[in-house]
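Asker: sequence and predicted structure, then a few things I'm wondering about:
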Amino acid sequence: MAMSGTGAAPLEFTTPLTSLIGREREARAARNLLLDPAVHLLTLTGPGGVGKTRLALEVLSEAEAATGARSLVVSLAAVRDHKLVVPAVARALDLRDQGERPLLERVIAVLGLGPALLLLDNMEQVIDAAPDVVELLASCPKLRILATSRIPLRVAGEQEFPVQPLDFAAPDSPLDDLRASPAVILFTQRAQAVRPDFRLTADNAATVATICERLDGLPLAIELAAARSRLLAPRALLARLDQRLTLLTSGPRDAPARQRTMRDAIAWSDSLLSPPLRQLFRQLSVFVGGWTLDAAEAVVDPDLVTEIDGGVFGGVAALVENSLVDESDQPDGEPRFRILETIREYGLEQFESSPEVTTIRRRHAAWCLRLAEDCEARVRSGDAGTWIEYVEREHGNMRGALGWLLESTDPADRTTAEMLTGALAYFWYMHSHIS
């Protein structure tokens, strides 16, 4: 039941025209949190294109059905000034800014009439409106707010709910497992929307699964790729994924502009960063397969580190908070970080055209060489320990550094390439990376 100050339907409500795929567990968990008496503000966070808005609409619908509470959806995608958030809510309630009574008080008067659900979609660029959100909640005890944002609001009482990419089965899984994979189901349905005769078969299932894997399970990326099925068979589509951002364009005309291409979706997040964090993001894109804090401290420009609150740790934490970097724990308990490959491609584009590219590439190669030489020395002395596993984990970085060094025309870089190859030779032999 939609709410309004005058009984009219809210201007911002959007009814999803596509089915929700692979999010049943998340929708149920988020709905339960939203209905928890202890939770007044639930924020769905995650990178651009992960499906926060679509999931939020499902959660709101289920919560409304379960409680009978009035609901209102306010899209803030076009709002850039945090002072315009309250007016946007008022407009959705069909309230006019008139008289001497403050608009926020009038909004509170309507939302406080009884149980109500308010969805604030796309809060990240108006995050400074968070105090107004808190005042709404403090003044309306029966109000529950569901927000979507690439960064948390960081206010008292907020419950974060990170939205992860879709699960995808390994390409070599049995056909039945591939058919049940949420990412593959999404690709298949969106491909059929543009090519009705498309079918998932034993011949193309593994290729479709590989496409989903290469796209990190990001729903927007998968949908944009599937739309190319009008002209490209899965195998031809996969062959073009080395340049994902060039391929992943031409989204629906009724989608927000930043959701029509994958590059625009990532650029939107990038634009919300401070200049030092934007520079840190592109420098961290040099890492292949992830990095540790120690690795970042060895590679990132030291002068840049002095411009970031909290140094490397603070900067990486801020990028995690902005949904551009993922964090996981290693077996030793230390955190490891990575950028999803689809997002990393954008970072690399910015990095390769930046003035610091050669310096950072060399710092990355020097870090790889030190690690490889340390490992070689310990292995040959019989004290391998966990070093072999560590180098295996960093093998993507080693290969990336070596590839750049071999393409360089600088004799010093060629010498570093020879040293790195020599240090890795024993490791390659022991782990069957060479025959």
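Answerer: Perfect, I can see it now.

Asker: burial check on Asp203, number of neighbours?
Answerer: Using other C-beta atoms under 10 Å, Asp203 is surrounded by 10 other residues. From N, CA and C alone the C-beta is placed, and that goes for glycine too.

Asker: now stretch 372-383: mean pLDDT?
Answerer: Stretch 372-383 carries an average pLDDT of 76.

Asker: with only the CA atoms kept, save that stretch in CSV.
Answerer: Extracted in CSV, the C-alpha atoms of stretch 372-383 (Å, rounded to 0.1, in the frame of the first residue of the first chain):
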residue,chain,number,x,y,z
ALA,A,372,60.5,-14.8,-5.1
GLU,A,373,64.1,-14.5,-3.9
ASP,A,374,63.2,-14.9,-0.3
CYS,A,375,61.1,-18.0,-1.1
GLU,A,376,63.9,-19.5,-3.2
ALA,A,377,66.4,-19.0,-0.4
ARG,A,378,64.2,-20.6,2.2
VAL,A,379,63.2,-23.5,0.0
ARG,A,380,66.8,-24.4,-0.9
SER,A,381,67.8,-24.2,2.8
GLY,A,382,65.1,-26.7,3.6
ASP,A,383,63.0,-24.1,5.4
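
Asker: distance from the chain centre to it, please.
Answerer: Centroid separation for stretch 372-383 versus its chain: 37 Å, with C-alpha atoms, centre = their mean, to the nearest Å.

Asker: can you check stretch 73-83 too?
Answerer: With C-alpha atoms, centre = their mean as the basis, the mean position of stretch 73-83 lies at 20 Å from the chain mean.

Asker: so the residue positioned nearest the centre of the chain, which of the three states?
Answerer: Centroid-nearest residue in the chain: Pro47, 2.3 Å away (criterion: C-alpha atoms, centre = their mean). Secondary structure, DSSP: H, G, I helix; E, B strand; the rest coil: Pro47 is coil.

Asker: ok, it touching Leu324?
Answerer: Yes: with contact defined as C-beta atoms under 8 Å, Pro47 reaches Leu324; the gap is 6.6 Å.

Asker: and for the two, which residues touch both?
Answerer: Counting by C-beta atoms under 8 Å, 6 or more residues apart in numbering, the shared contacts of Pro47 and Leu324 are 269, 343.

Asker: hang on, the earlier thing: what number of residues lie near the nearest residue to the residue nearest to the centre of the chain once chain neighbours are set aside?
Answerer: Using C-beta to C-beta, 6 or more residues apart in numbering and skipping the chain neighbours, the partner closest in space to Pro47 is Ser323 (4.2 Å). By other C-beta under 10 Å, 23 other residues sit near Ser323.

Asker: residues contacting Ser323?
Answerer: By C-beta under 8 Å, 6+ apart, the neighbours of Ser323 are 45-48, 50, 150-151, 269.

Asker: what's the helix or strand for Trp367?
Answerer: helix 357-380 (DSSP states H and E).

Asker: same thing with Val110?
Answerer: helix 103-111.

Asker: after that helix, next one along is what?
Answerer: Counting by DSSP H and E, what follows helix 103-111 is strand 116-121.

Asker: mean confidence score for that following strand?
Answerer: What strand 116-121 shows for mean pLDDT is 96.

Asker: and the helix or strand just after that strand, what does it pack against?
Answerer: Using DSSP H and E, the helix or strand that follows strand 116-121 in sequence is helix 130-139. Applying 3 or more C-beta pairs under 8 Å, 6 or more residues apart in numbering; DSSP states H and E, one finds that helix 130-139 contacts helix 85-92, helix 103-111, strand 143-149.
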